[in-house]
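Peer 1: How does the following fold in three dimensions:
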Amino acid sequence: MSECVIHPRADGPDEATLSRLDPLPTSALSDSMRRLPGAPGVLPLFSGCRLVGPALAVRTRPGDNLVVHKAVDLARPGEVLVIDAGGDTARAIVGDLLCRYAASRGLAGIVLDGAARDVVELHELGLPVFARAVSHLGPYKNGPGEIGGSVSIAGMTVRSGDVVVGDADGVIAVPAARADAIATAAEELLRAEAAAVDAIDRGTWDRSWIDASLTITRIDDEES
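Peer 2: Down below sits the predicted model:
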């Protein structure tokens, strides 16, 4: 028997906050969080992946998914399973059967610092899966692990209840306590970007900030 540590439940933001975050791209959210590290290298397993939902954090021994199975049993509909598998890519932690069961329980998706498999089947299933790699090798089922609490995904801290957002650019965790403020900042950023796009199309985009930010030294041809 292996130990499975289960932390107290952490509630995420309310539905109104989730609805605000739902359409926002990870790039805008990242910029609104002072471009702090997200989870580089953890990418969508197939095209069209998009997920938004509160995290249920899982820590498992690399190459082992026993506790991941238990986490799916405990997860609530709409949650995102965020799995710290130590970044090991030798053995797939999730595949068709586990993800199919997760989808049947209403999970919003899976984010995995490790490998997945059955890419074709998962694409057909449509459950968003973000992983570091693909491997045909299956996992062990020995444990131990933890459910709830916090994990590190490719250097990004994710606490259960944080809002996980994933799209074609990758995945980011929005701290639950700051979710509304970050959503507001991202919305403002998108409005500014829309104005910049309009200015580019009209040929009036102000580029003076570039020279204002640089001290330019020009080298004469004779000196070079």
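
Peer 1: can you pull out the strands in the protein?
Peer 2: With DSSP state E as the definition, the chain shows strands at residue ranges 4-6, 43-44, 51-60, 80-84, 92-94, 109-116, 129-134, 145-147, 150-153, 156-159, 163-167, 170-174.

Peer 1: Now mean pLDDT too, for the ones you listed, in a markdown table please.
Peer 2: Shown next, in a markdown table, are these (pLDDT from 0 to 100):
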| stretch | mean pLDDT |
| --- | --- |
| strand 4-6 | 95 |
| strand 43-44 | 97 |
| strand 51-60 | 97 |
| strand 80-84 | 98 |
| strand 92-94 | 98 |
| strand 109-116 | 98 |
| strand 129-134 | 98 |
| strand 145-147 | 97 |
| strand 150-153 | 95 |
| strand 156-159 | 95 |
| strand 163-167 | 97 |
| strand 170-174 | 96 |
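
Peer 1: okay, these in CSV with mean neighbour count and distance to Ser32 next?
Peer 2: (Each C-beta comes from the backbone N, C-alpha and C, glycine too.) Output for the strands of the chain, formatted as CSV (neighbours: other C-beta atoms under 10 Å; distance: least, C-beta to C-beta, whole Å):
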stretch, mean neighbour count, distance to Ser32
strand 4-6, 14, 33
strand 43-44, 18, 21
strand 51-60, 26, 15
strand 80-84, 28, 20
strand 92-94, 27, 30
strand 109-116, 28, 20
strand 129-134, 22, 20
strand 145-147, 22, 30
strand 150-153, 21, 19
strand 156-159, 21, 15
strand 163-167, 26, 11
strand 170-174, 27, 9
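
Peer 1: Minimum distance to Leu24: which of the ones you listed has it?
Peer 2: strand 163-167 (6.9 Å; C-beta to C-beta).

Peer 1: hmm, back to that, would a markdown table of the strands of the chain with distance to Leu189 be doable?
Peer 2: Listed next are the strands of the chain as a markdown table, based on distance: least, C-beta to C-beta, whole Å:
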| stretch | distance to Leu189 |
| --- | --- |
| strand 4-6 | 38 |
| strand 43-44 | 22 |
| strand 51-60 | 17 |
| strand 80-84 | 23 |
| strand 92-94 | 33 |
| strand 109-116 | 23 |
| strand 129-134 | 23 |
| strand 145-147 | 35 |
| strand 150-153 | 24 |
| strand 156-159 | 20 |
| strand 163-167 | 14 |
| strand 170-174 | 14 |
